[in-house]
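No sequence on hand, only this structure:
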């Protein structure tokens, strides 16, 4: 699930929503003729947004690193696709590598993605498999990703994920994520500052949190309660709902109304949120705002919520990623959409897909700049970016910093679908004046190389 990015989910079935990629022998064209004219044509198409020559032909230097041959670069894509049935990461792996390989690959080497289907609980098994075959992990994510971190660190396998979910994985060593989350920090301070202090100032002291009843999400609920208080608000109501689901949301709606909740944080699946909002509407009550979170950002939630959206005000923050609805004004977003239409027609371009694109772009540019392709080179090249924008897909992110970005983007659910809302953006689709909130509570630490008896000097 999207809010898994912050380190938790509500129920296992909701935790997920991250798709993955299936390996396909059709993803590359082994009969391609690399004549000089063909190389020139292909190289010209290797730009993405403001990024030049992301992919293209060249003379690849020799490399003895696992997953690298003279003409192939094999990477793994972690995904819970066998459980979630979400193909987002699968689709991006196909789209990006097809485009990149058509443009000439990484200095002439074709990218070959291999799906590592974690099926929710098999993260260790798939990570161990990747340790034996892949150069790196790229553009994926698993809801229970902390299960495989120590194995990944033991085998010195770098990870460039689209999302990172659990506390043990967020900020872990040998992991470079193209935007947030950032270990130890609340990920939505600008968004919540806007909600509680600007858009709905009367809501700040009456915030409610409803979360699925799971150990992971209980921690997440505590983090939100602390952060709301740290930003000047107050959580006056909390509740849990059964992981197995709720047949009647009316009692929850009545409790929200009784406690006069003005701002509601929902840490769960958007289908359940839609039912809760219908129950709220039926008793004629609406908080000032509901943080539906980015899990709900997509065409399904507005359809499920239906007429309730006429009364309920739903927002989501997108980790400083340009909304899909802004594609007309954002060439990089439009290019991602166009590439989907070419290489995966009929597949949905989603928020996780845009984040996966950013991860692939980060990996590809880092690998491109290595004279000798090694894990150490790619890892160091990626993490030294100080203003990574993925060609314009996202607000600038400093990968050398351990603090989150001050930029954010907000969308609102309407009867006509999700739309950018007026949150006073000051840098294109983004607003970049958000505060920083570092957790004071101890919610756990990310895994380190030292924890498995390794150090960065072991990476080659």
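That came through fine. What you are looking at is a predicted structure, and each value in this text was computed from that prediction instead of being measured.

Let me see the contact set for the residue nearest to residue 435 when sequence neighbours are not counted.
Take residue 435 and drop its neighbours on the chain: the residue closest to it by C-beta to C-beta, 6 or more residues apart in numbering is residue 189, 4.8 Å away. Bear in mind the C-beta positions are built from the backbone N, C-alpha and C, glycine included. By C-beta atoms under 8 Å, 6 or more residues apart in numbering, the contact set of residue 189 is 227, 231, 404, 434, 435, 436, 437.

secondary structure class for the fourth one?
Which is residue 434. The three-state label given to residue 434 by DSSP: H, G, I helix; E, B strand; the rest coil is coil.

name the helices or strands packed onto the lengthiest helix in the chain?
If you go by DSSP state H, the chain has its longest helix at helix 351-368. Applying 3 or more C-beta pairs under 8 Å, 6 or more residues apart in numbering; DSSP states H and E, one finds that helix 351-368 contacts helix 88-102, strand 137-138, strand 159-160, helix 331-343, helix 375-383.

now those as JSON lines including mean pLDDT and distance to residue 171?
Converted to JSON lines, the helices and strands packed on helix 351-368 look like this (pLDDT from 0 to 100; distance: least, C-beta to C-beta, whole Å):
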{"stretch": "helix 88-102", "mean pLDDT": "97", "distance to residue 171": "21"}
{"stretch": "strand 137-138", "mean pLDDT": "98", "distance to residue 171": "16"}
{"stretch": "strand 159-160", "mean pLDDT": "98", "distance to residue 171": "12"}
{"stretch": "helix 331-343", "mean pLDDT": "97", "distance to residue 171": "26"}
{"stretch": "helix 375-383", "mean pLDDT": "98", "distance to residue 171": "12"}
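
List just the one of these that sits closest to residue 355.
Within the helices and strands packed on helix 351-368, the stretch nearest residue 355 is helix 88-102; the backing value is 9.0 Å (C-beta to C-beta).

ranges for the helices of the protein?
Using DSSP H, the helices of the chain run over 12-15, 36-44, 81-84, 88-102, 123-133, 149-154, 189-193, 215-230, 250-258, 270-282, 300-305, 331-343, 351-368, 375-383.

now for these, which one comes closest to residue 456?
helix 375-383 (8.3 Å).

among the helices and strands packed on helix 351-368, which is the most enclosed?
Among the helices and strands packed on helix 351-368, ranked by average contacts under mean count of other C-beta atoms under 10 Å, first place goes to strand 137-138 (a mean of 31).

Can you give the contact residues for that one?
If you take C-beta under 8 Å, 6+ apart as the criterion, strand 137-138 is touched by 75-78, 113, 116, 130, 152, 157-161, 359-360, 363.

Show me which residues of the longest helix of the chain are buried.
Buried residues in helix 351-368, defined by neighbour count with 16 or more other C-beta atoms under 10 Å: 351-368.

likewise stretch 198-212?
Buried-residue list, stretch 198-212, by 16+ other C-beta under 10 Å: 199, 200, 203, 204, 206, 207, 208, 209, 210, 211, 212.

Mark which of the residues you listed are part of strands, please.
Among the buried residues of stretch 198-212, the members falling in strands (DSSP state E) are 207, 208, 209, 210, 211, 212.

who's the fifth one bridged to?
Just to be clear, that refers to residue 211. When bridges are called by DSSP bridges, residue 211 pairs up with residue 240, residue 267.

Confirm for me that it is in contact with residue 222.
No: using C-beta atoms under 8 Å, residue 211 is not in contact with residue 222, being 9.5 Å away.

ok, and the closest non-adjacent residue to the spatially most central residue of the chain?
Compute the mean C-alpha point of the chain, and by C-alpha atoms, centre = their mean the closest residue is residue 163, 3.7 Å away. The shortest distance from residue 163 to any non-neighbouring residue, by C-beta to C-beta, 6+ apart, is to residue 141 (3.9 Å).

Pull the contacting residues for the one you found.
Applying C-beta under 8 Å, 6+ apart to residue 141 gives the contacts 4, 18, 78, 79, 89, 161, 162, 163, 164, 165, 352.

Hmm, which of those is lowest in pLDDT?
pLDDT across the contacts of residue 141 is lowest for residue 18, at 29.

Does residue 352 touch residue 89 like I think?
Yes: the criterion here is C-beta under 8 Å, and residue 352 meets it with residue 89 at 7.0 Å.

isn't residue 292 right next to residue 315, touching?
Yes: in terms of C-beta under 8 Å, residue 292 counts as a neighbour of residue 315; the distance is 6.7 Å.

what is in contact with these two at once?
Common neighbours of residue 292 and residue 315 (criterion: C-beta under 8 Å, 6+ apart): residue 413.

Looking at the two, which has the bigger crowd around it?
Between residue 292 and residue 315, counted using other C-beta atoms under 10 Å, the more crowded position is residue 292 (29 against 23).
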